[in-house]
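Peer 1: For reference, the sequence and a predicted model appear below.
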Amino acid sequence: MNLFSDIRGRVLDALTQMQSEGALPEGLSFDNVAVEPPRDAAHGDMATNAAMVLAKPAKMKPRDIAETLAAKLAEDERITSAEVAGPGFLNLRLAPSVWQGVLGAVLEKGTDYGRSTMGQGLKVNVEYVSANPTGPLHVGHTRGAVFGDALASLLAYSGHDVTREYYINDGGAQVDVLARSAYERYREANGLSPEIAEGLYPGDYLIPIGEALKEKYGDSLLDKPESEWLAEVREFATEAMMDLIRADLKALGVEMDVFFSEKSLYGTGKIEAALEALNEKGLIYQGVLEPPKGKKPEDWEPREQTLFRSTAHGDDVDRPVKKSDGSWTYFAPDIAYHYDKVTRGFDALIDVFGADHGGYVKRMKAAVSALSDGKVPLDIKLTQLVKLWKNGEPFKMSKRAGNFVTLRDVVDQVGPDVTRFVMLTRKNDAPLDFDFDKVLEQSRENPVFYVQYAHARVMSVLRRAAEAGIDVSDETLRGADLAALDHPAELTVARKLAEWPRLVEIAARTNEPHRIAFYLYELAGDFHALWNRGNDEPALRFLQDGDVATSQSKIALARAVSVVISAGLGILGVTPAQEMR
């Protein structure tokens, strides 16, 4: 049940009726007609822009359209008033029975209330984290992991067929550096002093890998030249690092469907096939790029290279895919990887990158547009930096990691639920301050506590009601007399619950899971306000002494709140609190 969609349907029916009666010209598009909450709740329950968006194409005054539309809508028993405001906006007020009906829908559908078929089963690939397998995941990866995972859950909840994917960057020079770093820890495990030269990875996390290498090889690698051990140690260390990364992700509640190896693109013809696909479209050529403004990027050479005509698909400049010496640029395997995604039959692609990959956005979008003939959209979401604080100071770096704070450092401090929720309290492209002290505070200023406390309060009401012998099963609450819920504070909560299906669709359409966290905080605020009013007005308390029927009606409202909070937290990957300690 999406009440806003239902009322919009009623508006469209009225507009169609106006056309048939000659009050509106034929041939108008109603695509931009919206029904949404008014900016000021005092103006009504819903507002529609119908008259404003139709006035120009209809060559009519917006107020004239609005007044006729208001008269049509007033015939609907659900709409108690339709008032024209300003130049032609239409504010609607709905009967209390409508909001009470929302509660019934929540209790009937449970956490499926708000679940949408908007996605129509479209296949969406969400690639996120994709960290180099050279060290533990750091706090920046944590934000990308939480955002990507919540986005994947949101899309699945809204009717998409979602694949969660991790791209293992195991094909570049960094894995050779990993192998050399692990070899030094292997030497250390054999009683020699490690030589952690500049450019190697210094973190203690490689010590267990060095010990595992000793267990497998003994001292047999010590006297061999690098050419004989590099490939074997590289594979061993990469697999060990991916095991560590998988364990870190699992600690955060993140599980991938696919791990795709960059290395699988080399020597298999996949890079060549992707570039040939572009060549057949006339998008590959030999040329010399103009020198870039400012510092030189790594893939620019003042000589002839093989170039992808990415400017034909919206990029600022054409991009090199092969250097003059015949080696691939960093961009070439990325093109091949996304070509593989396209050929796997996905209808849409989403990449979640760190803010430092902003320069890749246009070129990757150009590549996917070219490879799919514009049929497969690519949305790239950038996650901004996270600043960690504790005791009023920046949080210290991890000795184990060598030079950064790890995902495990964060999860070990506050747990996965707090970590995930707090990471979604800002839009992905806005910087985030993560204060270890504040995220554990029990106050309204701490959004995760505020939402969890609302759910825990409902659970406490259900427990106390059961102890008093009141049947508060969902089946019984669905049959409660919801018409008794007519106080403005109660209807405010019901109105907020009615927004949930609409909010889910907006968040899914924009790929913005932070909207779920924001909504849950607002819903919790309305519920806490009702709870607190009950302290002063006994008639608003959820448990009414000696009146089982009224208690069940009011508990039905509370239970509906907990259902929607559970659904929202489920999308965010957070476990609802049963009680607060």
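Peer 2: Right, received. Where do you want to start? Residues are numbered from 1 along each chain as shown.
Peer 1: any idea which element the residue most central in space within the chain lies in?
Peer 2: In the chain, the C-alpha closest to the average C-alpha coordinate belongs to residue 151, at a distance of 2.8 Å (CA atoms, centre = their mean). In this assignment (DSSP states H and E), residue 151 forms part of helix 139-157.
Peer 1: Now do the strands in the stretch 301-450 of the chain.
Peer 2: Taking DSSP state E, counting those that start in this stretch, the strands of the stretch 301-450 of the chain run over residues 305-308, 319-322, 348-354, 378-383, 386-390, 393-394, 432-435.
Peer 1: so what secondary structure elements neighbour the third one?
Peer 2: Translated: strand 348-354. strand 123-127, helix 139-157, helix 331-343, helix 361-371, strand 378-383 (3 or more CB pairs under 8 Å, 6 or more residues apart in numbering; DSSP states H and E). Quick note: C-beta positions are derived from backbone N, CA and C, even for glycine.
Peer 1: For residue 447, see how far away the closest residue to residue 146 other than its chain neighbours is.
Peer 2: Nearest residue to residue 146 in three dimensions, chain neighbours excluded: residue 423, at 4.0 Å (CB to CB, 6 or more residues apart in numbering). Distance of residue 423 to residue 447, computed by CB to CB, to the nearest Å: 11 Å.
Peer 1: ok, these two, which is more surrounded?
Peer 2: Taking other CB atoms under 10 Å, residue 423 and residue 447 do not tie; residue 423 has more neighbours (28 against 19).
Peer 1: still on that earlier bit, as TSV, the helices and strands packed on strand 348-354 with distance to residue 479 and mean pLDDT would be great.
Peer 2: Below are the helices and strands packed on strand 348-354 laid out as TSV (distance: least, CB to CB, whole Å; pLDDT from 0 to 100):
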stretch	distance to residue 479	mean pLDDT
strand 123-127	39	98
helix 139-157	28	97
helix 331-343	49	97
helix 361-371	52	97
strand 378-383	44	97
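Peer 1: Give me whichever of the ones you listed is most buried.
Peer 2: Among the helices and strands packed on strand 348-354, the stretch with the highest mean neighbour count (mean count of other CB atoms under 10 Å) is helix 139-157, at a mean of 25.
Peer 1: hmm, back to that, among the helices and strands packed on strand 348-354, which is nearest residue 555?
Peer 2: helix 139-157 (26.3 Å; CB to CB).
Peer 1: between the closest one and strand 123-127, how many degrees?
Peer 2: 170 degrees (axes from the mean of the first three to the mean of the last three CA atoms, to 10 degrees).
Peer 1: CA atoms only: put the helix holding residue 151 into PDB for me.
Peer 2: Extracted C-alpha coordinates of helix 139-157, given in PDB (Å, rounded to 0.1, in the frame of the first residue of the first chain):
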ATOM      1  CA  VAL A 139      37.800   3.100   7.500                       C
ATOM      2  CA  GLY A 140      37.300   4.500   4.100                       C
ATOM      3  CA  HIS A 141      36.600   1.000   2.800                       C
ATOM      4  CA  THR A 142      34.200   0.600   5.700                       C
ATOM      5  CA  ARG A 143      32.000   3.500   4.500                       C
ATOM      6  CA  GLY A 144      32.000   2.200   1.000                       C
ATOM      7  CA  ALA A 145      31.100  -1.300   2.200                       C
ATOM      8  CA  VAL A 146      28.200  -0.100   4.300                       C
ATOM      9  CA  PHE A 147      26.900   2.200   1.600                       C
ATOM     10  CA  GLY A 148      27.200  -0.400  -1.100                       C
ATOM     11  CA  ASP A 149      25.600  -3.100   1.000                       C
ATOM     12  CA  ALA A 150      22.700  -1.000   2.100                       C
ATOM     13  CA  LEU A 151      22.100   0.200  -1.500                       C
ATOM     14  CA  ALA A 152      22.100  -3.400  -2.700                       C
ATOM     15  CA  SER A 153      19.500  -4.300   0.000                       C
ATOM     16  CA  LEU A 154      17.400  -1.200  -0.800                       C
ATOM     17  CA  LEU A 155      17.300  -2.100  -4.500                       C
ATOM     18  CA  ALA A 156      16.400  -5.700  -3.700                       C
ATOM     19  CA  TYR A 157      13.600  -4.500  -1.300                       C
END
